[in-house]
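Enquirer: pasting the structure only:
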């Protein structure tokens, strides 16, 4: 099972100089994807137990569109091992030569993987309703 969401990074998401987005924002999006996966599989939001690995691979900036994909790769009695990938799929164009902001954006022909992770979620047996 796999789910996907796409989100535009807003000015609110900018945490550092130059509109750089905090890497923790990607982990929050992974949590949203994990929640949907658990609802679809178990009928319950479950709980995120731990990340086995997290790799931040490229910067994310305000205005970038991020596509987040997650899938369940292993199912135990109560545990669900998941893999996540966040990709930059659209990025705003820089200012013009005169320093004036422009409103154009570029759809990336080759999305840029910005973050990957693997983690485990748990849905207690008494809360599983779809099995």
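Expert: Done, it's in. No experiment lies behind these values; they were computed from the predicted model shown.
Enquirer: Every contact and neighbour count from this point should use C-alpha atoms.
Expert: Fine.
Enquirer: how far out from the middle of the chain is the helix or strand harbouring residue 5?
Expert: Element membership of residue 5 [criterion: DSSP states H and E] is strand 2-8. Its chain's C-alpha centre and that of strand 2-8 lie 7 Å apart, by Cα atoms, centre = their mean, to the nearest Å.
Enquirer: got the contact list for that strand?
Expert: By Cα atoms under 8 Å, 6 or more residues apart in numbering, the residues outside strand 2-8 that reach it are 33, 36-37, 62-72.
Enquirer: Next: stretch 25-35.
Expert: Here stretch 25-35 makes contact (Cα under 8 Å, 6+ apart) with 3-5, 13, 45-46, 48, 68-70, 82, 84, 86, 115, 121.
Enquirer: and residue 130, what does it touch?
Expert: Residue 130 sits next to 40-43 when contact means Cα under 8 Å, 6+ apart.
Enquirer: Restricted to helices, list the residues you listed.
Expert: Judged by DSSP state H, helices contain the following of these: 40-42.
Enquirer: Among these, find me the one that's closest to residue 106.
Expert: Nearest to residue 106 among the ones in helices among the contacts of residue 130: residue 40, at 33.2 Å, using Cα to Cα.
Enquirer: Give me the below-cutoff pLDDT ranges for this protein.
Expert: In the prediction, the chain carries residues with pLDDT under 70 at positions 95-102, 131.
Enquirer: ranges for the helices of it?
Expert: 24-42.
Enquirer: quick one, strands of it?
Expert: 2-8, 14-16, 20-21, 47-56, 65-75, 79-92, 105-122 (DSSP state E).
Enquirer: Next, count neighbours for the residue nearest to residue 79 when sequence neighbours are not counted.
Expert: Counting by Cα to Cα, 6 or more residues apart in numbering, residue 122 is the residue found nearest to residue 79 once chain neighbours are left out, at 4.4 Å. By other Cα atoms under 10 Å, the residues close to residue 122 number 19.
Enquirer: One more: residue 94?
Expert: With other Cα under 10 Å as criterion, residue 94 counts 13.
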